[in-house]
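**Student:** The sequence isn't on hand, but the structure is:
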(Lines give C-alpha, C1' and ligand atoms only; values in the text may rest on other atoms or scores of the structure.)
Protein backbone atom coordinates (compact mmCIF):
# COMPACT_ATOMS: atom_id res chain seq x y z
CA UNK A 1 0.00 0.00 0.00
CA UNK A 2 1.21 3.41 -0.93
CA UNK A 3 1.11 5.96 1.79
CA UNK A 4 -1.85 8.23 1.46
CA UNK A 5 -1.26 11.86 0.33
CA UNK A 6 -2.62 14.54 2.61
CA UNK A 7 -5.86 16.00 1.15
CA UNK A 8 -6.69 18.77 3.58
CA UNK A 9 -3.55 20.89 3.82
CA UNK A 10 -4.61 24.52 4.28
CA UNK A 11 -3.60 27.18 1.72
CA UNK A 12 -1.66 29.54 3.91
CA UNK A 13 -1.29 33.33 3.50
CA UNK A 14 2.36 33.07 2.42
CA UNK A 15 1.43 30.94 -0.59
CA UNK A 16 -1.25 33.48 -1.61
CA UNK A 17 1.28 36.31 -1.58
CA UNK A 18 3.70 34.26 -3.66
CA UNK A 19 1.06 33.59 -6.31
CA UNK A 20 0.13 37.29 -6.41
CA UNK A 21 3.77 38.24 -7.01
CA UNK A 22 4.08 35.75 -9.87
CA UNK A 23 0.90 37.04 -11.64
CA UNK A 24 0.97 40.86 -11.32
CA UNK A 25 -1.50 41.45 -14.16
CA UNK A 26 -4.20 39.28 -12.69
CA UNK A 27 -7.10 41.23 -11.15
CA UNK A 28 -7.57 40.95 -7.44
CA UNK A 29 -10.30 38.81 -6.12
CA UNK A 30 -13.40 40.49 -4.86
CA UNK A 31 -16.62 42.03 -6.10
CA UNK A 32 -14.77 44.37 -8.48
CA UNK A 33 -12.46 41.72 -9.84
CA UNK A 34 -15.14 40.29 -12.11
CA UNK A 35 -15.65 43.60 -13.93
CA UNK A 36 -13.46 43.82 -17.04
CA UNK A 37 -11.17 46.80 -17.47
CA UNK A 38 -12.15 49.52 -19.89
CA UNK A 39 -10.88 49.14 -23.41
CA UNK A 40 -7.73 51.25 -23.76
CA UNK A 41 -8.94 52.49 -27.15
CA UNK A 42 -12.09 53.91 -25.57
CA UNK A 43 -10.34 55.79 -22.78
CA UNK A 44 -10.28 59.57 -23.22
CA UNK A 45 -6.92 61.13 -23.90
CA UNK A 46 -5.23 63.51 -21.52
CA UNK A 47 -6.52 66.57 -23.40
CA UNK A 48 -10.09 65.34 -23.98
CA UNK A 49 -12.94 66.87 -21.92
CA UNK A 50 -14.43 64.85 -19.11
CA UNK A 51 -17.79 63.43 -20.30
CA UNK A 52 -19.09 63.64 -16.73
CA UNK A 53 -18.69 67.39 -16.63
CA UNK A 54 -21.87 69.33 -17.40
CA UNK A 55 -21.72 71.32 -20.59
CA UNK A 56 -22.99 74.92 -20.43
CA UNK A 57 -24.27 76.82 -23.41
CA UNK A 58 -22.50 80.04 -24.19
CA UNK A 59 -24.51 83.08 -23.08
CA UNK A 60 -25.35 85.39 -25.95
CA UNK A 61 -24.43 89.01 -25.26
CA UNK A 62 -27.12 91.28 -26.70
CA UNK A 63 -25.49 94.33 -28.30
CA UNK A 64 -26.47 97.85 -27.29
CA UNK A 65 -27.89 99.84 -30.20
CA UNK A 66 -26.75 103.42 -29.74
CA UNK A 67 -29.30 105.06 -32.05
CA UNK A 68 -32.14 103.17 -30.40
CA UNK A 69 -31.00 104.25 -26.93
CA UNK A 70 -30.90 107.86 -28.08
CA UNK A 71 -34.40 107.56 -29.59
CA UNK A 72 -35.87 106.09 -26.39
CA UNK A 73 -34.21 108.80 -24.31
CA UNK A 74 -35.59 111.46 -26.64
CA UNK A 75 -39.08 109.99 -26.36
CA UNK A 76 -38.84 110.10 -22.55
CA UNK A 77 -37.71 113.74 -22.69
CA UNK A 78 -40.56 114.72 -25.03
CA UNK A 79 -43.07 112.93 -22.82
CA UNK A 80 -41.77 114.78 -19.75
CA UNK A 81 -41.90 118.09 -21.58
CA UNK A 82 -45.50 117.49 -22.68
CA UNK A 83 -46.57 116.59 -19.15
CA UNK A 84 -44.81 119.60 -17.66
CA UNK A 85 -46.28 121.98 -20.24
CA UNK A 86 -49.77 120.67 -19.57
CA UNK A 87 -49.32 121.00 -15.83
CA UNK A 88 -47.97 124.55 -15.98
CA UNK A 89 -50.73 125.78 -18.32
CA UNK A 90 -53.62 124.19 -16.42
CA UNK A 91 -55.85 126.46 -14.38
CA UNK A 92 -59.03 126.05 -12.34
CA UNK A 93 -61.24 126.61 -15.39
CA UNK A 94 -59.09 124.95 -18.10
CA UNK A 95 -58.72 121.40 -16.86
CA UNK A 96 -60.49 119.68 -19.75
CA UNK A 97 -57.75 120.40 -22.35
CA UNK A 98 -55.22 118.87 -19.99
CA UNK A 99 -57.54 115.89 -19.51
CA UNK A 100 -57.69 115.42 -23.30
CA UNK A 101 -53.88 115.45 -23.54
CA UNK A 102 -53.58 112.94 -20.73
CA UNK A 103 -56.21 110.71 -22.31
CA UNK A 104 -54.14 110.66 -25.49
CA UNK A 105 -51.12 109.51 -23.47
CA UNK A 106 -53.34 106.92 -21.80
CA UNK A 107 -54.25 105.47 -25.19
CA UNK A 108 -50.58 105.40 -26.18
CA UNK A 109 -49.66 103.57 -22.99
CA UNK A 110 -52.64 101.22 -23.33
CA UNK A 111 -51.52 100.23 -26.82
CA UNK A 112 -47.94 99.60 -25.69
CA UNK A 113 -48.83 97.69 -22.52
CA UNK A 114 -51.47 95.54 -24.20
CA UNK A 115 -49.04 94.47 -26.90
CA UNK A 116 -46.21 93.90 -24.43
CA UNK A 117 -48.13 92.04 -21.71
CA UNK A 118 -50.56 90.22 -24.04
CA UNK A 119 -53.57 89.73 -21.74
CA UNK A 120 -56.42 87.35 -22.65
CA UNK A 121 -58.95 88.82 -25.08
CA UNK A 122 -56.54 91.66 -25.80
CA UNK A 123 -58.94 93.71 -27.94
CA UNK A 124 -61.82 93.51 -25.47
CA UNK A 125 -59.50 94.21 -22.55
CA UNK A 126 -58.02 97.25 -24.28
CA UNK A 127 -61.48 98.62 -25.06
CA UNK A 128 -62.68 98.22 -21.47
CA UNK A 129 -59.52 99.76 -19.99
CA UNK A 130 -59.67 102.63 -22.48
CA UNK A 131 -63.19 103.46 -21.33
CA UNK A 132 -61.99 103.29 -17.71
CA UNK A 133 -59.18 105.72 -18.47
CA UNK A 134 -61.54 108.16 -20.16
CA UNK A 135 -63.97 107.94 -17.26
CA UNK A 136 -61.16 108.56 -14.79
CA UNK A 137 -59.99 111.72 -16.56
CA UNK A 138 -63.52 113.07 -16.82
CA UNK A 139 -64.45 112.35 -13.22
CA UNK A 140 -61.37 113.91 -11.61
CA UNK A 141 -61.61 116.96 -13.89
CA UNK A 142 -65.28 117.65 -13.09
CA UNK A 143 -65.50 116.48 -9.46
CA UNK A 144 -66.37 119.08 -6.84
CA UNK A 145 -63.57 117.87 -4.59
CA UNK A 146 -60.15 116.79 -5.80
CA UNK A 147 -59.19 113.33 -4.59
CA UNK A 148 -58.34 109.79 -5.56
CA UNK A 149 -61.73 108.33 -4.67
CA UNK A 150 -63.14 108.51 -8.23
CA UNK A 151 -59.97 106.89 -9.57
CA UNK A 152 -60.22 104.05 -7.07
CA UNK A 153 -63.78 103.33 -8.15
CA UNK A 154 -62.80 103.49 -11.81
CA UNK A 155 -59.85 101.16 -11.23
CA UNK A 156 -61.95 98.51 -9.50
CA UNK A 157 -64.76 98.77 -12.06
CA UNK A 158 -62.34 98.64 -15.00
CA UNK A 159 -60.51 95.64 -13.58
CA UNK A 160 -63.70 93.66 -12.96
CA UNK A 161 -65.11 94.59 -16.37
CA UNK A 162 -61.87 93.46 -18.04
CA UNK A 163 -62.04 90.11 -16.24
CA UNK A 164 -65.66 89.66 -17.38
CA UNK A 165 -64.64 90.44 -20.97
CA UNK A 166 -61.87 87.85 -20.72
CA UNK A 167 -64.28 85.21 -19.43
CA UNK A 168 -66.55 85.30 -22.48
CA UNK A 169 -64.57 82.88 -24.63
CA UNK A 170 -63.35 79.52 -23.39
CA UNK A 171 -59.85 79.89 -24.86
CA UNK A 172 -59.40 83.12 -22.89
CA UNK A 173 -61.17 82.00 -19.74
CA UNK A 174 -58.55 79.43 -18.72
CA UNK A 175 -55.82 82.10 -18.76
CA UNK A 176 -57.49 84.45 -16.27
CA UNK A 177 -55.98 82.71 -13.25
CA UNK A 178 -52.45 83.34 -14.53
CA UNK A 179 -52.95 86.75 -16.14
CA UNK A 180 -55.14 88.72 -13.71
CA UNK A 181 -52.03 90.48 -12.34
CA UNK A 182 -51.15 91.57 -15.86
CA UNK A 183 -54.65 92.94 -16.37
CA UNK A 184 -54.46 94.82 -13.07
CA UNK A 185 -51.13 96.37 -14.05
CA UNK A 186 -52.59 97.64 -17.33
CA UNK A 187 -55.59 99.18 -15.55
CA UNK A 188 -53.40 100.82 -12.89
CA UNK A 189 -51.00 102.19 -15.49
CA UNK A 190 -53.76 103.76 -17.56
CA UNK A 191 -55.66 105.23 -14.61
CA UNK A 192 -52.43 106.61 -13.09
CA UNK A 193 -52.21 109.17 -15.89
CA UNK A 194 -55.27 110.90 -14.44
CA UNK A 195 -53.43 111.62 -11.16
CA UNK A 196 -51.83 114.86 -12.51
CA UNK A 197 -55.33 116.34 -12.84
CA UNK A 198 -55.97 115.55 -9.18
CA UNK A 199 -52.63 117.07 -8.13
CA UNK A 200 -53.19 120.20 -10.21
CA UNK A 201 -56.26 120.93 -8.07
CA UNK A 202 -54.43 120.53 -4.76
CA UNK A 203 -51.89 122.73 -2.98
CA UNK A 204 -48.30 121.85 -3.87
CA UNK A 205 -49.56 119.54 -6.60
CA UNK A 206 -48.24 121.56 -9.55
CA UNK A 207 -44.84 121.97 -7.92
CA UNK A 208 -44.67 118.27 -7.07
CA UNK A 209 -45.42 117.33 -10.69
CA UNK A 210 -42.78 119.79 -11.87
CA UNK A 211 -40.13 118.30 -9.59
CA UNK A 212 -41.04 114.64 -10.12
CA UNK A 213 -41.45 114.83 -13.90
CA UNK A 214 -38.16 116.72 -14.18
CA UNK A 215 -36.34 114.12 -12.09
CA UNK A 216 -37.87 111.17 -13.95
CA UNK A 217 -37.41 112.68 -17.42
CA UNK A 218 -33.77 113.63 -16.84
CA UNK A 219 -33.00 110.25 -15.27
CA UNK A 220 -34.40 108.35 -18.26
CA UNK A 221 -32.76 110.67 -20.79
CA UNK A 222 -29.31 110.60 -19.19
CA UNK A 223 -29.45 106.85 -18.59
CA UNK A 224 -30.28 106.13 -22.23
CA UNK A 225 -27.75 108.59 -23.61
CA UNK A 226 -25.06 107.08 -21.42
CA UNK A 227 -25.97 103.62 -22.70
CA UNK A 228 -25.44 104.89 -26.23
CA UNK A 229 -21.89 106.00 -25.38
CA UNK A 230 -20.70 103.83 -22.49
CA UNK A 231 -22.98 100.84 -21.74
CA UNK A 232 -20.71 99.38 -19.06
CA UNK A 233 -20.64 97.51 -16.77
CA UNK A 234 -23.47 95.50 -18.24
CA UNK A 235 -26.46 94.80 -16.01
CA UNK A 236 -26.80 91.38 -17.64
CA UNK A 237 -25.57 89.81 -20.85
CA UNK A 238 -29.11 89.52 -22.23
CA UNK A 239 -30.13 93.07 -21.22
CA UNK A 240 -28.70 95.91 -23.36
CA UNK A 241 -28.26 98.32 -20.43
CA UNK A 242 -25.26 99.58 -18.50
CA UNK A 243 -24.98 100.25 -14.79
CA UNK A 244 -23.13 103.52 -15.40
CA UNK A 245 -26.17 105.01 -17.13
CA UNK A 246 -28.53 103.90 -14.35
CA UNK A 247 -26.42 105.51 -11.63
CA UNK A 248 -25.62 108.64 -13.60
CA UNK A 249 -29.26 109.17 -14.56
CA UNK A 250 -30.41 108.98 -10.95
CA UNK A 251 -27.65 111.39 -9.88
CA UNK A 252 -28.43 113.98 -12.56
CA UNK A 253 -32.16 113.81 -11.83
CA UNK A 254 -31.55 114.27 -8.12
CA UNK A 255 -29.17 117.20 -8.63
CA UNK A 256 -31.57 119.00 -10.97
CA UNK A 257 -34.51 118.63 -8.60
CA UNK A 258 -32.39 119.82 -5.67
CA UNK A 259 -31.80 123.04 -7.62
CA UNK A 260 -35.52 123.24 -8.42
CA UNK A 261 -36.29 122.87 -4.74
CA UNK A 262 -34.22 125.96 -4.01
CA UNK A 263 -36.22 127.96 -6.56
CA UNK A 264 -39.72 126.92 -5.50
CA UNK A 265 -41.75 128.33 -2.64
CA UNK A 266 -42.27 126.86 0.81
CA UNK A 267 -42.32 124.01 1.82
CA UNK A 268 -39.86 123.08 -0.90
CA UNK A 269 -36.19 123.21 -0.01
CA UNK A 270 -33.13 121.83 -1.80
CA UNK A 271 -33.25 118.77 0.45
CA UNK A 272 -36.95 118.10 -0.15
CA UNK A 273 -36.52 118.71 -3.86
CA UNK A 274 -33.64 116.24 -3.96
CA UNK A 275 -35.61 113.57 -2.09
CA UNK A 276 -38.65 113.98 -4.34
CA UNK A 277 -36.50 113.93 -7.46
CA UNK A 278 -34.59 110.87 -6.29
CA UNK A 279 -37.81 108.94 -5.61
CA UNK A 280 -39.19 109.85 -9.03
CA UNK A 281 -35.93 109.08 -10.83
CA UNK A 282 -35.50 105.68 -9.17
CA UNK A 283 -39.15 104.77 -9.84
CA UNK A 284 -38.89 105.64 -13.53
CA UNK A 285 -35.54 103.92 -14.01
CA UNK A 286 -36.63 100.73 -12.25
CA UNK A 287 -39.75 100.40 -14.39
CA UNK A 288 -37.74 101.04 -17.55
CA UNK A 289 -35.18 98.45 -16.48
CA UNK A 290 -37.90 95.94 -15.57
CA UNK A 291 -39.28 96.21 -19.09
CA UNK A 292 -35.82 95.36 -20.48
CA UNK A 293 -35.58 92.30 -18.24
CA UNK A 294 -39.08 91.25 -19.28
CA UNK A 295 -38.18 91.39 -22.95
CA UNK A 296 -34.97 89.44 -22.28
CA UNK A 297 -37.05 86.77 -20.53
CA UNK A 298 -39.40 86.52 -23.50
CA UNK A 299 -36.42 86.15 -25.82
CA UNK A 300 -34.84 83.39 -23.72
CA UNK A 301 -38.17 81.57 -23.49
CA UNK A 302 -38.46 81.56 -27.28
CA UNK A 303 -41.64 83.64 -27.30
CA UNK A 304 -42.53 86.08 -30.05
CA UNK A 305 -41.01 89.48 -29.28
CA UNK A 306 -43.25 92.48 -28.77
CA UNK A 307 -43.83 94.84 -31.70
CA UNK A 308 -40.76 97.09 -31.78
CA UNK A 309 -42.61 100.41 -31.35
CA UNK A 310 -44.60 99.21 -28.35
CA UNK A 311 -41.53 97.50 -26.89
CA UNK A 312 -39.50 100.70 -26.82
CA UNK A 313 -42.29 102.96 -25.50
CA UNK A 314 -43.35 100.68 -22.65
CA UNK A 315 -40.50 101.60 -20.32
CA UNK A 316 -40.84 105.42 -20.32
CA UNK A 317 -44.65 105.27 -20.25
CA UNK A 318 -44.66 102.88 -17.31
CA UNK A 319 -41.98 104.93 -15.55
CA UNK A 320 -44.06 108.12 -15.62
CA UNK A 321 -47.18 106.24 -14.50
CA UNK A 322 -45.36 105.10 -11.37
CA UNK A 323 -43.87 108.58 -10.96
CA UNK A 324 -47.35 110.12 -10.68
CA UNK A 325 -48.29 107.68 -7.95
CA UNK A 326 -45.06 108.53 -6.10
CA UNK A 327 -45.75 112.26 -6.52
CA UNK A 328 -49.18 111.92 -4.92
CA UNK A 329 -47.71 110.08 -1.93
CA UNK A 330 -44.95 112.66 -1.56
CA UNK A 331 -47.45 115.52 -1.52
CA UNK A 332 -49.63 113.98 1.18
CA UNK A 333 -47.03 112.25 3.37
CA UNK A 334 -43.73 114.11 2.95
CA UNK A 335 -44.02 117.64 1.61
CA UNK A 336 -46.72 118.90 3.97
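**Tutor:** In hand now; what should we look at? All figures in this text were calculated on a predicted structure; none of them were measured in a lab. Residues are numbered from 1 along each chain as shown.
**Student:** how much space between the spatially most central residue of the chain and residue 297?
**Tutor:** Note on the chain: the residue nearest the mean C-alpha position is residue 290, at 1.5 Å, using C-alpha atoms, centre = their mean. Here residue 290 is placed at a distance of 10 Å from residue 297 (C-beta to C-beta, to the nearest Å). For glycine as for every other residue, the C-beta is placed from the backbone atoms N, C-alpha and C.
**Student:** Equivalent analysis for residue 311, please.
**Tutor:** Residue 311 is 13 Å from residue 297, by C-beta to C-beta.
**Student:** okay, the two: which has more neighbours?
**Tutor:** With other C-beta atoms under 10 Å as the criterion, residue 311 and residue 297 differ in neighbour count, and residue 311 comes out ahead with 19 against 12.
**Student:** what sits against that one?
**Tutor:** By C-beta atoms under 8 Å, 6 or more residues apart in numbering, the contact set of residue 311 is 112, 115, 116, 291, 295, 305.
**Student:** go with 7 Å
**Tutor:** 116, 295, 305 (C-beta atoms under 7 Å, 6 or more residues apart in numbering).
**Student:** Now tabulate these in TSV and tack on pLDDT and secondary structure.
**Tutor:** Shown next, in TSV, are those (pLDDT from 0 to 100; DSSP: H, G, I helix; E, B strand; the rest coil):
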residue	pLDDT	secondary structure
116	89	helix
295	88	helix
305	78	coil
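**Student:** Now do the SS call for residue 267.
**Tutor:** Look at residue 267: counting by DSSP: H, G, I helix; E, B strand; the rest coil, its state is coil.
**Student:** Skip the chain neighbours and tell me the closest residue to it.
**Tutor:** residue 335 (5.8 Å; C-beta to C-beta, 6 or more residues apart in numbering).
**Student:** Surely the one you found and residue 204 touch.
**Tutor:** Yes: when contacts are counted by C-beta atoms under 7 Å, residue 335 is listed as touching residue 204 (5.5 Å).
**Student:** quick one: common contacting residues for those two?
**Tutor:** Here residue 335 and residue 204 have no joint contacts, going by C-beta under 7 Å, 6+ apart.
**Student:** Just the helices from the stretch 201-336 of the chain, written as ranges.
**Tutor:** Under the criterion DSSP state H, counting those that start in this stretch, the stretch 201-336 of the chain contains helices at 205-229, 243-263, 270-300, 308-333.
**Student:** Oops, could you answer that again for the stretch 51-200 of the chain instead?
**Tutor:** Going by DSSP H, counting those that start in this stretch, the stretch 51-200 of the chain shows helices at 66-88, 95-117, 122-142, 149-166, 170-173, 176-192, 195-200.
**Student:** Give me the helices and strands touching the last one, please.
**Tutor:** With contacts defined as 3 or more C-beta pairs under 7 Å, 6 or more residues apart in numbering; DSSP states H and E, helix 195-200 has these neighbours: helix 66-88, helix 95-117, helix 122-142, helix 205-229, helix 308-333.
**Student:** Looking at those, which one is packed in the most?
**Tutor:** helix 205-229 (a mean of 26; mean count of other C-beta atoms under 10 Å).
**Student:** tell me the angle of that helix relative to helix 243-263?
**Tutor:** Angle, helix 205-229 to helix 243-263, by axes from the mean of the first three to the mean of the last three C-alpha atoms, to 10 degrees: 150 degrees.
**Student:** For helix 205-229, which helices and strands make contact with it?
**Tutor:** Using 3+ C-beta pairs under 7 Å, 6+ apart, helix 205-229 is in contact with helix 66-88, helix 195-200, strand 239-242, helix 243-263, helix 270-300, helix 308-333.
**Student:** between it and helix 308-333, how big is the angle?
**Tutor:** Using the same axes, to 10 degrees: helix 205-229 against helix 308-333 is 140 degrees.
**Student:** The helices and strands packed on helix 195-200: which one's closest to residue 176?
**Tutor:** helix 122-142 (10.7 Å; C-beta to C-beta).
**Student:** and that closest one with helix 95-117, angle?
**Tutor:** Using the same axes, to 10 degrees: helix 122-142 against helix 95-117 is 160 degrees.
**Student:** which strands and helices sit next to helix 122-142?
**Tutor:** helix 95-117, helix 149-166, helix 176-192, helix 195-200.
**Student:** Could you check the angle it makes with helix 149-166?
**Tutor:** 170 degrees.
**Student:** how far does helix 122-142 sit from the chain's center?
**Tutor:** Here helix 122-142 is found 25 Å from its chain centre; the criterion is C-alpha atoms, centre = their mean, to the nearest Å.
**Student:** Stretch 175-194 now?
**Tutor:** Worked out by C-alpha atoms, centre = their mean, stretch 175-194 lies 15 Å from the chain centre.
**Student:** residue contacts, residue 157?
**Tutor:** residue 132.
**Student:** From residue 321, how far out is the residue nearest to the centre of the chain?
**Tutor:** 12 Å.
**Student:** next one: residue 267
**Tutor:** Taking C-beta to C-beta, one finds residue 267 at 26 Å from residue 321.
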